Structures are given as structure tokens and as C-alpha cells.
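K.L.:
when you get a sec, could you give me coordinates for this:
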Amino acid sequence: MMSNSRNNGKFSEIYYKFKDRFPCCLNSDSNDEKVLIKWAQLGNSYAFERLILPYQRRVYLICFDLSGSHDDAQDIAQETFIKAYKYLNKYNGNSAFYTWLYRIAVNTWLDHKRQNSRQEYISNYELDELYNSSENFPDIITDSSIKSQYIKKAVETLSTQQKTVFILRFYHELTLSEIAQSLNVTEGTVKTVLFRSLQKLRIILRSIKD
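P.N.:
Below you'll find the model as predicted:
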């Protein structure tokens, strides 16, 4: 795994000082995420490997859903975990760890996609009444249709921001709050983007149906 001599030295000093007091804190059955995070932040690569294990497939899938490419998804996922290890000390626990990890994955994908283009940003205004009145969108969002060929093709026509929010909400079932934290925007912005993406998808899918 990645080298971090300074942190590893600090970890070694702490470990050997307290190893008799905490002999099993990182045994193979340890799944306490908070414990793993603290030890990983001290530079323990084994703790980091244990920490990310439950999220490896989820991060790959979100990278694949966003990029549409197996090779790109692998590269983006790998880069996501490298960045997570590098910046783990900046994680302060204010959000769920997987939300923090998703933010890195999305931003890494955006970096790959952006190149010379600018990400689209929209103004932040509330659409609570519109959103709440059509939250489930049964006319286009169902378990059987969400990953249909038509839906996938239609989603590819969305802007970068619309596509990201749509995939996080309906493919990965993140809440509005989790999406807002992952993208570092307000819930109002998420609602606005989601509503616009669904409006656009309705138009496209109705034209296909007709």
C-alpha cells in the first residue's frame, strides 16, 4: 500500500507502547469503522484496507454508472482510494465515511470528464412543492425500468450535474442530504437539479414512446 513514513513511525511508536493494552483492536474480526478510521489516520495501511473493503464494489459501480466504461471505472475507483488514503486525516466525521468517499469518487470522475470543459452550475432556489408533489415519479421511475436500455440512453443526454444527481439518487439510493454532502452543494440545489433532470427525461422518454 502507499508509503507514509512519518505516520507509520507515529503509528509504530503508539502501537508498541500500547500493544499489550490493545492486543486485539485490529484483529481479523474487527469491523468497527470508527476504530479503523482512527488507526488508518495514524498510517496503519492494514486498517485502511479493512476500512475500504466494504466500499470497493460500491465505489466501482458508481464510477461505472457515471463513466459508462469498465476501464475508466477501474482507473477512477483506484484513484479514489488513493486520494482517500492521502487525505484521510482531513476526514472529521461530520458526514458518513461512505458519503465522504462518494464525494471523492464523483470529483475524481468530474476531473476525468472535465478536461477543457466547464462543469455546469445552476442557481440555488427551492422547489420543495414541485419536488414533493412528484417525488416518486412513477411514470418513468420503476424497479423494472430504472436500468432499462431506454433509461440509460436518456440519462446520457443529461448534463454532467444532472446525470450525477440522478445516478446517486436512483441508482445508488442516496438521500437528498447525502447527495448534497457528496457534491458539496445545498439540498435546494439537489432538488432543483433532480427536478430538471426528470423533466428532461420525461420529454425524451415520451418522444421514444410516441
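
K.L.:
contacts, neighbours, all on C-alpha from now
P.N.:
OK.

K.L.:
now the element after the worst-scoring helix or strand of the chain on mean pLDDT, going C-ward?
P.N.:
Using mean pLDDT, DSSP states H and E, helix 128-133 stands out as the lowest-scoring helix or strand of the chain, at a mean of 40. As assigned by DSSP states H and E, the chain's next helix or strand after helix 128-133 is helix 149-155.

K.L.:
could you give the mean pLDDT of the following helix or strand past that next one?
P.N.:
Using DSSP H and E, the helix or strand that follows helix 149-155 in sequence is helix 160-166. Averaged across helix 160-166, the pLDDT comes to 91.

K.L.:
got it, and stretch 82-102?
P.N.:
Mean predicted lDDT for stretch 82-102 stands at 92.

K.L.:
send the alpha carbons of that stretch over as CSV?
P.N.:
The C-alpha trace of stretch 82-102 is given here as CSV (Å, rounded to 0.1, in the frame of the first residue of the first chain):
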residue,chain,number,x,y,z
ILE,A,82,-5.5,6.6,-3.4
LYS,A,83,-6.9,10.1,-2.7
ALA,A,84,-8.9,8.7,0.3
TYR,A,85,-5.7,7.3,1.8
LYS,A,86,-3.8,10.5,1.1
TYR,A,87,-6.4,12.8,2.6
LEU,A,88,-7.9,10.6,5.3
ASN,A,89,-6.6,12.9,8.0
LYS,A,90,-8.9,15.6,6.7
TYR,A,91,-12.0,13.4,7.3
ASN,A,92,-13.5,14.7,10.5
GLY,A,93,-16.6,12.5,10.9
ASN,A,94,-19.1,15.3,10.2
SER,A,95,-20.6,13.1,7.5
ALA,A,96,-20.7,9.3,7.0
PHE,A,97,-17.5,7.9,5.7
TYR,A,98,-19.1,6.5,2.6
THR,A,99,-20.6,9.9,1.8
TRP,A,100,-17.1,11.4,2.1
LEU,A,101,-15.8,8.6,-0.2
TYR,A,102,-18.6,9.2,-2.7
